[in-house]
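Enquirer: A predicted structure for the sequence below; I have some questions about it.
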Amino acid sequence: MERERLVSELADAIDELRRDHTVRVAVDGVGASGKTFLADELATALIARGRKVIRASIDGFHRPREMRHARGSTSPEGYLDDSFDYGALAERLLEPLGPGGSGRYRTAVFDFRSESAVESPELTAAPGTVLVFDGVFVLRDELVGHWDFAVFVDTGFDVTLERALERDVRLFGSREATRERYERRYIPGERLYLERCRPRERANAVVANDEPADAGLEWRNRQGSEKAGGNRRG
């Protein structure tokens with residue numbers, strides 16, 4: 001499918017959703033799957049349709065290093081269960097923007113690069129706003145009920161590893177260190193997530209993104225749900 005048409009079709013489906021609160025959209029996928037790029041594309045397309053957009057990411061909700069690595073820096077279980085503060089994500093962002101929420105929200109609580117808390121300003125969502133939120137593990141049990149629409153970006157681990165070896169060398173210092181981190185921590189942790197939470201089945205739409213310019217789109221529930229986009233177990 002032509003990339004522009006795929007993004008347009010997803011944006012149209014999101015734009016059609018009508019809620020009394022901010023429409024909360026999750027863009028889920030493993031590391032280096034292309035979820036952040038797709039979320040940016042969707043945000044741009046929604047703005048072009050006249051929607052106000054809040055753009056946020058799981059990167060703003062890391063836990064401190066001592067908590068992230070409490071089971072060891074290469075633990076797959078630690079990556080899946082200890083990396084992010086899901087309680088803060090719900091309390092500061094998803095619940096305020098959801099049914100009966102105040103509309104006052106924060107998009108970040110912690111900066112993992114500086115290992116310090118973030119005092120991001122409290123903002124107020126305007127009527128008709130869409131939250132476009134990307135991140136790993138965002139269709140897990142604790143969060144799935146908060147989404148009005150969800151996209152899963154489905155990319156093979158052989159592809160994501162090659163992308164990571166190009167993208168993350170500065171972060172880890174070398175291709176060898178990057179490969180070790182992905183093969184020992186990230187990819188095994190993401191496999192656990194896929195097995196436990198089955199995000200493809202929970203999503204409204206699945207984007208096959210091995211080749212972004214020729215990505216495929218599979219609809220599972222275009223209309224979303226009054227409770228959550230993927231509040232189902234496959």
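Expert: That came in fine, so what should we check first?
Enquirer: which residues belonging to the helix or strand harbouring residue 170 are considered buried?
Expert: Using DSSP states H and E, residue 170 sits in helix 169-172. Neighbour counts over helix 169-172 (16 or more other C-beta atoms under 10 Å) mark residue 172 as buried. The way it works is simple: take the backbone N, C-alpha and C, and place the C-beta from them, glycine included.
Enquirer: over to stretch 15-35?
Expert: So stretch 15-35, judged by 16+ other C-beta under 10 Å, has buried residues 15, 17, 19, 21-35.
Enquirer: tell me where the chain has strands.
Expert: 23-29, 53-57, 104-105, 110-111, 116-117, 123-124, 130-135, 149-154, 205-208, 216-219 (DSSP state E).
Enquirer: the fifth one - which strands sit beside it in the sheet, and in what orientation?
Expert: When pairs are called by DSSP bridges, strand 116-117 turns out to pair with strand 110-111 (antiparallel).
Enquirer: how distant is the worst-scoring helix or strand of the chain on mean pLDDT from the center of its chain?
Expert: Sorting the helices and strands of the chain by mean pLDDT, DSSP states H and E puts helix 169-172 at the bottom, at a mean of 94. Using C-alpha atoms, centre = their mean, to the nearest Å, the mean C-alpha position of helix 169-172 is found 22 Å from that of the whole chain.
Enquirer: what lies in contact with it?
Expert: 175, 178, 181 (C-beta atoms under 8 Å, 6 or more residues apart in numbering).
Enquirer: quick check, nearest of the residues you listed to residue 143?
Expert: residue 181 (24.4 Å; C-beta to C-beta).
Enquirer: ignoring the adjacent residues along the chain, who's closest to that closest one?
Expert: In space, residue 181 comes closest to residue 172 once its chain neighbours are excluded; the distance is 5.7 Å by C-beta to C-beta, 6 or more residues apart in numbering.
Enquirer: measure the closest residue to residue 109 other than its chain neighbours to residue 105 for me?
Expert: Excluding the flanking residues, the one nearest residue 109 by C-beta to C-beta, 6+ apart is residue 88, at 4.9 Å. Distance from residue 88 to residue 105, counting by C-beta to C-beta, to the nearest Å: 12 Å.
Enquirer: kindly report the same for residue 169.
Expert: 35 Å.
Enquirer: try residue 167
Expert: 29 Å.
Enquirer: more crowded one of those two?
Expert: Between residue 167 and residue 105, residue 105 has the larger neighbour count (other C-beta atoms under 10 Å), namely 22 against 13.
Enquirer: ok, and the closest non-adjacent residue to the more buried one?
Expert: Nearest residue to residue 105 in three dimensions, chain neighbours excluded: residue 96, at 4.6 Å (C-beta to C-beta, 6+ apart).
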